[in-house]
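Chemist: Give me a 3D structure for the following:
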Amino acid sequence: MRARNVVAALILAVWLAGCAGSIQQWIVNTRVHQGEIALERGNVSDAELSYRLALRVDPKDPRARAGYVRAAAGFAQAEYAKGDFDGALATINDGLAVDPESVRLAALKRDIDQARLKREIVISNYPSYREAGVSLARSYEQLNVTNKLLLRSLKRFSYTFDANDLTDAIKRSYELQLDTVKNGNHLILYRQLVTSGVPETSSESTTSNTTSLLPLP
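Modeler: As a prediction, the model looks like this:
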């Protein structure tokens, strides 16, 4: 009787172990599939999470490991593009823990380290670079507005045949030319300031030019 109980217990243990293995594999397969779908859709954040959850269940699964490295690289690149250097480096380090030989992660890490060094140089030369950069971007966005108004005048002429519409288009065209030249000069000065800073022995004329261009109108 006892022998039968022991055999039954062993059979039950083997059966439960097999079920546990099947459930574990199902979870990994599901998470890997979710990661693949997320990558196909360009959602690197969800992909990184899915592969990470798969690795928690089976750290040795080759599909989860390879997928996680790809997702980590994409997610780190997105963080880098937003200027989140610390977050990007943390994500890269997590990816390198899974694959220390990843060429893509190593290259991205070098790029971020270089960008961080360049940022410190820019800040030391021109602390208000960010505000000036935003103003520059806004000025170039205004060119798009002017160009749309010009195109609207041309389109309107196609059915009104009113020469005043062409006159308005010519006016917008001159505005575009003037603003393009002005913005180009601002860009040149901006580059000078972020690379070399404001000269300590600047002349009165240089100071006057600086204040007339930055902050931008």
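
Chemist: Does the particular helix or strand that has V194 in it pack against any helices or strands, and if so which?
Modeler: Assigned by DSSP states H and E, V194 belongs to helix 163-196. Secondary-structure packing of helix 163-196 (3 or more CB pairs under 8 Å, 6 or more residues apart in numbering; DSSP states H and E): helix 103-125, helix 129-160, helix 204-213. The C-beta positions use only the backbone N, C-alpha and C, and glycine is treated the same way.

Chemist: buried residues in it?
Modeler: D165, D168, A169, R172, E175, L176, N183, H186, L189, Y190, L193, V194 (16 or more other CB atoms under 10 Å).

Chemist: Any chance of CSV for those, columns pLDDT and distance to E141?
Modeler: Output for those, formatted as CSV (pLDDT from 0 to 100; distance: CB to CB, whole Å):
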residue, pLDDT, distance to E141
D165, 96, 24
D168, 97, 21
A169, 96, 20
R172, 96, 16
E175, 96, 14
L176, 97, 13
N183, 96, 11
H186, 96, 14
L189, 94, 19
Y190, 95, 16
L193, 94, 21
V194, 94, 20
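
Chemist: how about the helices and strands packed on helix 163-196 in a markdown table, adding mean pLDDT?
Modeler: Below are the helices and strands packed on helix 163-196 laid out as a markdown table (pLDDT from 0 to 100):
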| stretch | mean pLDDT |
| --- | --- |
| helix 103-125 | 96 |
| helix 129-160 | 96 |
| helix 204-213 | 40 |
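
Chemist: Dump the ones you listed into JSON lines; add distance to H33 and mean neighbour count as well.
Modeler: What follows is these, written out as JSON lines (distance: least, CB to CB, whole Å; neighbours: other CB atoms under 10 Å):
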{"stretch": "helix 103-125", "distance to H33": "23", "mean neighbour count": "14"}
{"stretch": "helix 129-160", "distance to H33": "40", "mean neighbour count": "14"}
{"stretch": "helix 204-213", "distance to H33": "55", "mean neighbour count": "12"}
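
Chemist: Indicate which one of those helices is closest to S22.
Modeler: Between S22 and these, the tightest spacing by CB to CB is seen for helix 103-125, at 33.3 Å.

Chemist: Check the offset of that closest one from the chain's centre.
Modeler: Helix 103-125 has its C-alpha centroid displaced from the chain centroid by 14 Å (CA atoms, centre = their mean, to the nearest Å).

Chemist: Kindly report the same for stretch 57-72.
Modeler: Centroid displacement of stretch 57-72 relative to its chain, using CA atoms, centre = their mean, is 22 Å.

Chemist: Please apply the same query to stretch 102-112.
Modeler: With CA atoms, centre = their mean as the basis, stretch 102-112 stands 15 Å off its chain's centre.

Chemist: Number the chain from 10, please
Modeler: Got it, the first residue is 10 from now on, which makes the last one we talked about stretch 111-121.

Chemist: domains for this protein, by residue range?
Modeler: Following automatic domain parsing, one finds the domains of the chain at 11-134, 138-222.
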